[in-house]
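Engineer: Whatever this is, show me its structure:
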Amino acid sequence: MARKKQRSGNRQSLAKFKKGGEKLQFSSYTITYEPLDNKDENLPKPVKDRLQDLYEMLRGNPKQVIEELLVLKENYPNVPRLYNFLSAAYEAIGDRTATREIIIKNYQQNPEYLFAKLNYAQICLMDGDFDKIPEIFGGQFDLKLLYPNRNCFHVTEFAGFTGVTCAYFAATGKQETAQLLYKSLLEVAPDSNMIEFARRFFYPSLLTKLMNLMKR
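Structural biologist: Sure, this is the predicted structure:
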């Protein structure tokens, strides 16, 4: 707990990097460790509060979480965060098929929602569909360029985006760019599970290498 409290607050990311035709830019924006208000969600406050409770219950009682989220999804079918939590709950019980289906559906219905993009991008990376990554992010590898009207991002948004783009650059042979992203991920979000996700793409399996050769 002490470490989390010490790391709370804001952080500025300022850097530019250009290598081999790929342009990676960290614009000036704030990274916060405090919860962000989901103002765009058309949810009553009691439902928002319950949704936060369900998120905290994910690891302890995912089956109950799934039951309640399915009901909420029926009542509020256009709230992307419900799909995001639901996919996490299915993952917690080991139902990979349902997890994948919910992630894909969320991206299809809410393609501008960052976590819908990130979760779908992880599926594409694991499947070896690396060419889909630039398409998912509209060719933008910087959060500020992706969402120009925002100046503040939560640390989980930064970690998810950085982890995915790091994995993409590592998988496509741009190791120097990937290492730069990996370093920033370690510095800003050292406890994120995206660190392990990104790291596996620095040492691709023989199957991944063969898939890359077949696509060239």
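Engineer: right, and Ala116 touches Lys105 too?
Structural biologist: No. Using CB atoms under 8 Å, Ala116 is not in contact with Lys105; the gap is 9.2 Å. Backbone N, C-alpha and C define where each C-beta goes, glycine included.
Engineer: The two: which has the busier surroundings?
Structural biologist: For Ala116 versus Lys105, the count of surrounding residues by other CB atoms under 10 Å is larger for Ala116: 24 against 15.
Engineer: what sits against that one?
Structural biologist: Neighbouring residues of Ala116 by CB atoms under 8 Å, 6 or more residues apart in numbering: Pro80, Tyr83, Asn84, Ile103, Asn106, Tyr107, Gln109, Asn110.
Engineer: same thing with Ile104?
Structural biologist: Counting by CB under 8 Å, 6+ apart, Ile104 touches Tyr120, Ile123.
Engineer: hmm, 10 Å instead?
Structural biologist: Tyr83, Ser87, Ala116, Asn119, Tyr120, Ile123 (CB atoms under 10 Å, 6 or more residues apart in numbering).
Engineer: Helices - which of these land there?
Structural biologist: Secondary structure from DSSP state H places Tyr83, Ser87, Ala116, Asn119, Tyr120, Ile123 of those in helices.
Engineer: Would you mind checking those for buried ones?
Structural biologist: Applying 16 or more other CB atoms under 10 Å to these, the neighbour count classes Tyr83, Ser87, Ala116, Asn119, Tyr120 as buried.
Engineer: Tabulate those residues in TSV, adding columns for pLDDT and distance to Lys183.
Structural biologist: Below are those laid out as TSV (pLDDT from 0 to 100; distance: CB to CB, whole Å):
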residue	pLDDT	distance to Lys183
Tyr83	95	32
Ser87	96	29
Ala116	97	27
Asn119	98	24
Tyr120	98	26
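Engineer: Tell me the one of those nearest Ala159?
Structural biologist: Ala159 has its nearest neighbour among those in Asn119, at 13.3 Å by CB to CB.
Engineer: got the contact list for that closest one?
Structural biologist: Shown in contact with Asn119 (CB under 10 Å, 6+ apart): 83-84, 87-88, 91, 99-100, 102-104, 106-107, 113, 160, 164.
Engineer: May I ask you to name the longest helix in this protein?
Structural biologist: Counting by DSSP H, the longest helix found in the chain is helix 155-171.
Engineer: quick check, distance from that helix to the centre of its chain.
Structural biologist: Taking the mean of its C-alpha atoms, helix 155-171 sits 7 Å from the chain's own mean (CA atoms, centre = their mean, to the nearest Å).
Engineer: cool, stretch 107-125 as well?
Structural biologist: So, by CA atoms, centre = their mean, the centroid of stretch 107-125 is 8 Å from its chain's centroid.
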